[in-house]
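S.K.: Quick one: sequence plus predicted model below, questions after.
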Amino acid sequence: MTLNWTKANDNMTAQNALKYYVYRSTTSFIMVDGLPTNGGTPLNGTGGSTDISSYNATALTGGTNYYFIVVVEDLALNKAAYTYVMATPLVIPAEQSNIMMIIAIALIGILAAGGAAAGLLLGKKKKEKLSEKYAVISYSHANTDVVNADLKAYEENDVCYWYDGQMTVGRGFDTQFNEKLDDKNCKGIIFFVSDQFLLSDPCGKEMKYFKEKYGIDNPDKFCLFVLPSGYPYDNADKIYDKVERFVHEKNDEETRKKLRHLSGHIELYLDLLRNGKEKFVTLGDAEAYVKDCCEEGKLFHKAGIIRT
């Protein structure tokens, strides 16, 4: 089984010096901030391989579901992951065992400027047309499944949005995110808040960029927060305590390191929320809040991001 992917680009490391690690697993990869956290079997050695764009996976059992992911690393040891894929080799009868079957699996992804991981939402989404108004989606890749579930309601109600699955291969994530947010057709940003979101440096950068560029309660670009039910949304101490408990339960050194910026991320979030007149809705209740926001005179309708 052959895996193929587009080579990554980095603003500091030459393309031919980037290193790739190929992993295989029989269970779905758990992604946190764009990187797999549940390991997998390294197929090309623990040291990885430089300047490659394909790998031939062997010793596979027919009828078994396999998950593959490629992680790319620059010279500064920053890492980013391509979207993982699942494939099931066919069971080939013994009399046809001399037939070689090669399945090419396309993997796409971006090594963002500065090495920030740019994960992609799974599933096929509607892309906004160049002339359409839209909102930008900001989320932690640890929450991909729940965010995808909400976005289905956006599609069913023809709400136009942009997310990182629509990025152009070969360009940095920060650059593309900022360009899409700054575009005249972008009418707002929707933050999907969670413990992982508030721990995420990329998500913190997105809140910081929006606040510094567009200020608080900007009439031209709305700011909406989607929060889990019962989340202590308006109290910094309660939010910190909740996220800290999550970190301790994870009992993971990499996750603990993220606590260093948590207070700053909470401050950014509360500034945007409170001064934006507390515009928030409940995660998992998308069918209700999307319909409400689409009503005449309400947020999405007023912003003009409903496809007609």
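M.R.: Looks like it arrived, so ask away.
S.K.: didn't residue 29 look like it was pressed against residue 85?
M.R.: No - judged on CB atoms under 8 Å, residue 29 makes no contact with residue 85 at a distance of 9.9 Å. (Each C-beta comes from the backbone N, C-alpha and C, glycine too.)
S.K.: which neighbours do these two share?
M.R.: Taking CB atoms under 8 Å, 6 or more residues apart in numbering as the contact rule, residue 29 and residue 85 both touch 67, 69.
S.K.: heading toward the C-terminus, what's the first helix or strand past the worst-scoring helix or strand of the chain on mean pLDDT?
M.R.: Ranking every helix and strand in the chain by mean pLDDT, DSSP states H and E puts strand 117-118 at the bottom, with a mean of 32. Using DSSP states H and E, the helix or strand that follows strand 117-118 in sequence is strand 134-138.
S.K.: I'd like to know how far residue 151 sits from residue 137.
M.R.: 7 Å (CB to CB, to the nearest Å).
S.K.: Show me the common contact partners of the two, please.
M.R.: Jointly contacting residue 151 and residue 137 under the rule CB under 8 Å, 6+ apart are 161, 163.
S.K.: just checking, residue 300 touches residue 292?
M.R.: No - taking contacts as CB under 8 Å, residue 300 lies outside contact range of residue 292: 9.0 Å.
S.K.: who's more crowded, these two?
M.R.: It is residue 300, of residue 300 and residue 292, that has more neighbours when counted by other CB atoms under 10 Å, with 28 against 13.
S.K.: which residues touch that one?
M.R.: Residues in contact with residue 300 (CB under 8 Å, 6+ apart) are 135, 159, 290, 293, 294, 306.
S.K.: Reformat the residues you listed as a markdown table; add pLDDT, neighbour count and secondary structure.
M.R.: As requested, those are exported to a markdown table (pLDDT from 0 to 100; neighbours: other CB atoms under 10 Å; DSSP: H, G, I helix; E, B strand; the rest coil):
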| residue | pLDDT | neighbour count | secondary structure |
| --- | --- | --- | --- |
| 135 | 94 | 26 | strand |
| 159 | 92 | 23 | strand |
| 290 | 92 | 22 | helix |
| 293 | 92 | 24 | helix |
| 294 | 93 | 18 | helix |
| 306 | 93 | 17 | strand |
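S.K.: Residue 255: which of the residues you listed is nearest?
M.R.: Nearest to residue 255 among the contacts of residue 300: residue 135, at 29.3 Å, using CB to CB.
S.K.: Who is the closest one paired with across the strands?
M.R.: On the basis of DSSP bridges, residue 135 takes part in beta bridges with residue 161, residue 188.
S.K.: can you tell me which residues contact it?
M.R.: Contacts for residue 135 (CB under 8 Å, 6+ apart) come out as 159-162, 186-190, 222, 224, 300, 303, 305.
S.K.: same thing but at 10 Å, please
M.R.: 128, 154, 159-163, 181, 186-190, 221-224, 299-300, 303, 305 (CB atoms under 10 Å, 6 or more residues apart in numbering).
S.K.: With residue 149 as the reference, measure out to it.
M.R.: Where residue 149 is concerned, residue 135 sits at a distance of 17 Å (CB to CB).
S.K.: which intervals of the stretch 151-300 of the chain have sub-threshold pLDDT?
M.R.: Low-confidence segments of the stretch 151-300 of the chain (pLDDT under 70): 165-172, 275-278.
S.K.: ok, which stretches of it are strands?
M.R.: In the stretch 151-300 of the chain, the strands defined using DSSP state E, counting those that start in this stretch lie at 161-162, 186-192, 222-227, 280-282.
S.K.: Please convert those strands to TSV, extending it with distance to residue 43 and mean neighbour count.
M.R.: Formatted as TSV, the strands of the stretch 151-300 of the chain follow (distance: least, CB to CB, whole Å; neighbours: other CB atoms under 10 Å):
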stretch	distance to residue 43	mean neighbour count
strand 161-162	34	22
strand 186-192	33	23
strand 222-227	37	22
strand 280-282	42	17
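S.K.: Go ahead and confirm residue 1 touches residue 61.
M.R.: No - with contact defined as CB atoms under 10 Å, residue 1 does not reach residue 61; the gap is 11.4 Å.
S.K.: where do the contact lists of these two overlap?
M.R.: 88, 89.
S.K.: Please say which of the two ends up with more neighbours.
M.R.: Shown here are residue 1 and residue 61; by other CB under 10 Å, residue 1 has more neighbours (18 against 10).
S.K.: for the closest residue to residue 303 other than its chain neighbours, what are its contacts?
M.R.: Of all residues not flanking residue 303 in the chain, residue 187 sits nearest, at 4.0 Å (CB to CB, 6 or more residues apart in numbering). Contact analysis of residue 187 by CB under 10 Å, 6+ apart lists 133-136, 160, 220-222, 299-300, 302-305.
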